[in-house]
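Visitor: based on what follows, work out the 3D shape:
(2 chains)
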There are 2 protein chains.
Amino acid sequence: MTLTFEHFQPGHLCSYGPRHITREEIIAFAAEYDPQPMHLDDDAANASLLRGLAGSGWHMCALMMRMMYDGFLHETASLGSPGVDEMKWLAPFRPGDAMMLDVEVLQARPSQSRPSTGIVTFKCSTRNALGPLAEMTVAVIIGRAAVAAEQA
Amino acid sequence: MTLTFEHFQPGHLCSYGPRHITREEIIAFAAEYDPQPMHLDDDAANASLLRGLAGSGWHMCALMMRMMYDGFLHETASLGSPGVDEMKWLAPFRPGDAMMLDVEVLQARPSQSRPSTGIVTFKCSTRNALGPLAEMTVAVIIGRAAVAAEQA
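Guide: Down below sits the predicted model:
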């Protein structure tokens, strides 16, 4: 893994994407995990607050995870996440969207309980051509290079 | 829809499940949305903090959504959600788990901006036979019966 805790400095900001969203994937996710009519059916969606077919908020979260993985986590010494501080679904995402992900490092601190790691807090925001879609703050446990070097 | 805003009183608590978790669904979700080795491969998972194959935290969220839908949202005048206040992944969920979902109403207040609706805040917790798995606080916009009656 090339990216360790030390790589993630507060203020560090990267953008990833676009991820092109299809009608098929919106319906497939909804059918399995969130079969509310507004995520499955055009008429129901048109009559809903979403004003047209839109994906489940949890689908957007899953796609944010995949975009983080493809963007940097695949080459990061990531050990997992204790959780999410806050998540806001700001606008519907729809078939045809070209979704972008912006990731900012808010905080990076060495772990007290697990000294070979640090906790990096990321602010992750998605957007389409019209504006913001969602944002969340998520903590990730990441291995430290200094410890790896000492153990070598 | 039989369940409106008025149905959800603070303190109201229900449990749903069990949902039986399979190895195949854990790997299928991870392959698509969270392909970190600890969610896909036994050897990598055994060497990780998870100490054995375990599902993506986002998979657990998606399953919580589905259990909420099957449990009560399918018959609730739900209009969607603005977001999640906090989510904690407390323990790994694994193939063979019989996952339970506990849902408690924390708060229910009429919407200022959309008087035909109210905002209900739920605390949702999952557990397996060993103990807690995850918990989150999520707000849902729900239609009010009183308004529906006035409009009838």
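
Visitor: CA atoms for contacts and neighbours, from now on please.
Guide: Fine.

Visitor: could you pull out the strands in chain A for me?
Guide: A:13-20, A:78-89, A:98-110, A:117-128, A:131-143 (DSSP state E).

Visitor: what mean pLDDT does the last one have?
Guide: Here strand A:131-143 scores 97 as its mean pLDDT.

Visitor: which residues sit against that strand?
Guide: Residues outside strand A:131-143 that contact it (Cα atoms under 8 Å, 6 or more residues apart in numbering or on different chains): A:4-5, A:76-93, A:116-127.

Visitor: centroid residue for chain A?
Guide: residue A:64 (2.9 Å; Cα atoms, centre = their mean).

Visitor: which residue packs closest to it, ignoring adjacent ones?
Guide: Distances taken as Cα to Cα, 6 or more residues apart in numbering or on different chains put residue A:101 closest to residue A:64, at 7.0 Å, once the chain neighbours are dropped.

Visitor: quick one, which of the strands of chain A is packed in tightest?
Guide: A comparison of these by mean neighbour count, using mean count of other Cα atoms under 10 Å in any protein chain shown, puts strand A:117-128 on top with a mean of 22.

Visitor: that strand packs against which elements?
Guide: Counting contacts by 3 or more Cα pairs under 8 Å, 6 or more residues apart in numbering or on different chains; DSSP states H and E, strand A:117-128 is packed against strand A:98-110, strand A:131-143.

Visitor: which neighbouring elements make contact with the first one?
Guide: Contacts of strand A:98-110 with other secondary structure elements, assessed using 3+ Cα pairs under 8 Å, 6+ apart, are made with strand A:13-20, helix A:57-71, strand A:117-128.

Visitor: what residues are up against the residue nearest to residue A:64?
Guide: A:15, A:16, A:17, A:18, A:64, A:67, A:68, A:124, A:125, A:126, A:127.

Visitor: cool, and residue A:39?
Guide: Contact partners of residue A:39, counting by Cα under 8 Å, 6+ apart, are A:26, A:27, A:30, A:45, A:53, A:54, A:55, A:56.

Visitor: up against chain B, what does chain A have?
Guide: Contact residues (Cα under 8 Å from any Cα of the partner chain) of chain A with chain B: A:32-36, A:48-49, A:58-59, A:61-63, A:65-66, A:69, A:74, A:79-90.

Visitor: quick one: end-to-end distance for stretch A:27-47.
Guide: End-to-end distance for stretch A:27-47: 17 Å, by Cα to Cα, to the nearest Å.

Visitor: from the middle of its chain, how far away would that stretch be?
Guide: Relative to its chain's centre, stretch A:27-47 lies at 22 Å (Cα atoms, centre = their mean, to the nearest Å).

Visitor: same question for that stretch, mean pLDDT?
Guide: 97.

Visitor: could you do stretch A:4-24 as well?
Guide: pLDDT averaged over stretch A:4-24 gives 97.

Visitor: now what about stretch A:18-28, what contacts it?
Guide: Counting by Cα under 8 Å, 6+ apart, A:39-40, A:54-56, A:59, A:67, A:94-101 sit against stretch A:18-28.
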